[in-house]
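> Quick check, what structure comes out for this input:
(4 chains)
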Protein chains: 2
Amino acid sequence: MDESVAPQHPLASDLDWLLNRVWLGFGEARALALAPLGLTVREHVLLSVLSRTDVSQLELGALARVDKSVLTTTIDALEEKGLVTREADPNDRRVRRPSLTAAGTRKVAAANIAAAAAQSELLEHVPADIRERFIDAVRDLALGPFASSVLFSQTAELSRGRRSTST
Amino acid sequence: MDESVAPQHPLASDLDWLLNRVWLGFGEARALALAPLGLTVREHVLLSVLSRTDVSQLELGALARVDKSVLTTTIDALEEKGLVTREADPNDRRVRRPSLTAAGTRKVAAANIAAAAAQSELLEHVPADIRERFIDAVRDLALGPFASSVLFSQTAELSRGRRSTST
DNA sequence: GGTTAATCGTCTTGCTCAAGATGATCTTTG
DNA sequence: CAAAGATCATCTTGAGCAAGACGATTAACC
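The predicted structure follows:
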């Protein structure tokens, strides 16, 4: 490593930190791509889930890892934009089943295209032969070892940077 | 369709979301590994940077992407634990140069070992031949295309909807 | 040498997020 | 048929984080 030519970042060997950089980069690119459509990343995620599954609000929150209270206001916004409707489940009037409107279906299709374009633009910086294997590895790590672990439990008992100053 | 056997997660094709899962997983494993040492992830990151570079607080915050105000309290905690000392720069008495104490040097070495162990335990779930290429790809994505972009500017003009996170 | 501008670190304020409490509805059981 | 327990969605409260304001110190310029 000739640090004189390319000064190595002191955290370049910290995989956890590097992953955070990558995630922030993808998220930012995605946010920029979605902004013209009037969508945030979270809204796009929710719309994406709704386009593939028919679930209650609670299940939606668990799938997308969005907190209850945040989910309420986010769906409020989506409803106001005319992209989703909250319909009461006929079998159980406690549960609300959000579903895409026609405009919502069109919007999520456009958002998928915009997000995918931004994503592949970033991925072009990775050699083509490694690209697919990289995505496979990410999928393995995200869905494999953690599937039965904390990541898919609704409440994470250890939040990430929090110091236990519980009094 | 064998979705009954392995029901595909509705966000399994969302790379951004998958990266977040992976990052959370690594961070959680790291937090668990560091807890017995009395360190948080953020503290470990700061100690790690201090073990490799000699910088002012401002530079430290920029490198580790820790906000000024958070940095103050975090270094306060590290100082109280006797791991770092704040010494005034003799050339410019405005700047404080945090540096590791002897105990801090020992602590960061132990923390590095613990964190690396937790990390490689997770990486074992990825096939060995893909593992190295995965890390290379992460490093490329984190340090390459974004180096001149937003990731290394001190103030990100577009906050991400703000997650959790993490925590 | 004195005055002005700039920079560093700390302190304070607004904002977002997550956990607990509340109200409404359904299911079960006698 | 009525009442108790359980579940869903919403509302409210407390905590952490980031941006801006402030005091302290230094450098630049006349």
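
> Give me the helices and strands touching the helix or strand residue A:129 falls within, please.
Residue A:129 is part of helix A:128-143, with elements assigned from DSSP states H and E. On a contact count with 3 or more C-beta pairs under 8 Å, 6 or more residues apart in numbering or on different chains; DSSP states H and E, helix A:128-143 meets helix B:15-34, helix B:128-143. For every residue, glycine as well, the C-beta is placed using N, CA and C.

> Pick the most deeply packed of the ones you listed.
Highest mean neighbour count among the helices and strands packed on helix A:128-143 (mean count of other C-beta atoms under 10 Å in any protein chain shown): helix B:15-34, with a mean of 23.

> quick one, the helix holding residue A:129 and helix A:15-34 angle?
On the basis of axes from the mean of the first three to the mean of the last three C-alpha atoms, to 10 degrees, helix A:128-143 is oriented at 100 degrees to helix A:15-34.

> Report the distance from helix A:128-143 to the chain centre.
Here helix A:128-143 is found 17 Å from its chain centre; the criterion is C-alpha atoms, centre = their mean, to the nearest Å.

> Give me the mean pLDDT for that helix.
Average pLDDT, helix A:128-143: 90.

> One more: stretch A:99-111?
Stretch A:99-111 comes out at a mean pLDDT of 96.

> Can you add distance to residue A:108 and give the helices and strands packed on helix A:128-143 back as a markdown table?
Compiled in a markdown table, those are given as follows (distance: least, C-beta to C-beta, whole Å):
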| stretch | distance to residue A:108 |
| --- | --- |
| helix B:15-34 | 15 |
| helix B:128-143 | 26 |
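
> Now do the spatially closest residue to residue A:49 that is not a sequence neighbour against residue A:97, distance only.
Leaving aside its chain neighbours, residue A:49 sits nearest to residue B:10 (4.9 Å; criterion: C-beta to C-beta, 6 or more residues apart in numbering or on different chains). Using C-beta to C-beta, to the nearest Å, one gets 15 Å for the distance from residue B:10 to residue A:97.

> where do the helices sit along chain A?
With helices called from DSSP state H, chain A shows them at A:15-34, A:41-52, A:57-64, A:68-80, A:102-123, A:128-143.

> So is the third one next to DNA strand C?
Going back to what we said before, that points to helix A:57-64. No: using C-beta under 7 Å from any atom of the strand, helix A:57-64 stays clear of DNA strand C, with a minimum separation of 9.4 Å.

> Nearest to the spatial middle of chain A, which residue is it?
Within chain A, one residue has its C-alpha closest to the average C-alpha position: by C-alpha atoms, centre = their mean, that is residue A:45, at 5.4 Å.

> confidence score at residue A:161?
33.

> Any buried residues in stretch A:102-110, and which?
A:104, A:107-108 (16 or more other C-beta atoms under 10 Å in any protein chain shown).

> residues contacting residue A:77?
Neighbouring residues of residue A:77 by C-beta atoms under 8 Å, 6 or more residues apart in numbering or on different chains: residue A:43.

> do residue A:112 as well
residue A:48.

> surely residue A:142 meets residue B:21?
Yes: under the criterion of C-beta atoms under 8 Å, residue A:142 makes contact with residue B:21 at 3.8 Å.

> on that earlier part again, how close does the residue nearest to the centre of chain A sit to DNA strand D?
Distance from residue A:45 to DNA strand D, counting by C-beta to the nearest atom of the strand, to the nearest Å: 17 Å.

> That residue: what's it in contact with?
Going by C-beta under 8 Å, 6+ apart, residue A:45 touches A:64, A:66, B:11, B:14, B:17.

> Could you do residue A:33 as well?
Contact analysis of residue A:33 by C-beta under 8 Å, 6+ apart lists A:114-115, A:117-118.

> now residue A:143
Counting by C-beta under 8 Å, 6+ apart, residue A:143 makes contact with B:9, B:12, B:18, B:21.

> got those residues as TSV, with distance to residue B:138 and pLDDT columns?
Below are these laid out as TSV (distance: C-beta to C-beta, whole Å; pLDDT from 0 to 100):
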residue	distance to residue B:138	pLDDT
B:9	22	84
B:12	19	88
B:18	13	92
B:21	14	90
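
> Present these as a markdown table; the columns should include distance to residue A:93.
What follows is those, written out as a markdown table (distance: C-beta to C-beta, whole Å):
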| residue | distance to residue A:93 |
| --- | --- |
| B:9 | 29 |
| B:12 | 32 |
| B:18 | 36 |
| B:21 | 34 |
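
> ok, and of these, which contact chain A?
B:9, B:12, B:18, B:21 (C-beta under 8 Å from any C-beta of the partner chain).

> Distance of the second one relative to residue B:46?
To tie it back to what came earlier, the one meant is residue B:12. For residue B:12, the distance to residue B:46 (C-beta to C-beta) stands at 35 Å.

> which of the two has more neighbours?
Comparing residue B:12 with residue B:46 by other C-beta atoms under 10 Å in any protein chain shown, the one with more neighbours is residue B:46, at 26 against 13.

> Sweet, I'm off.
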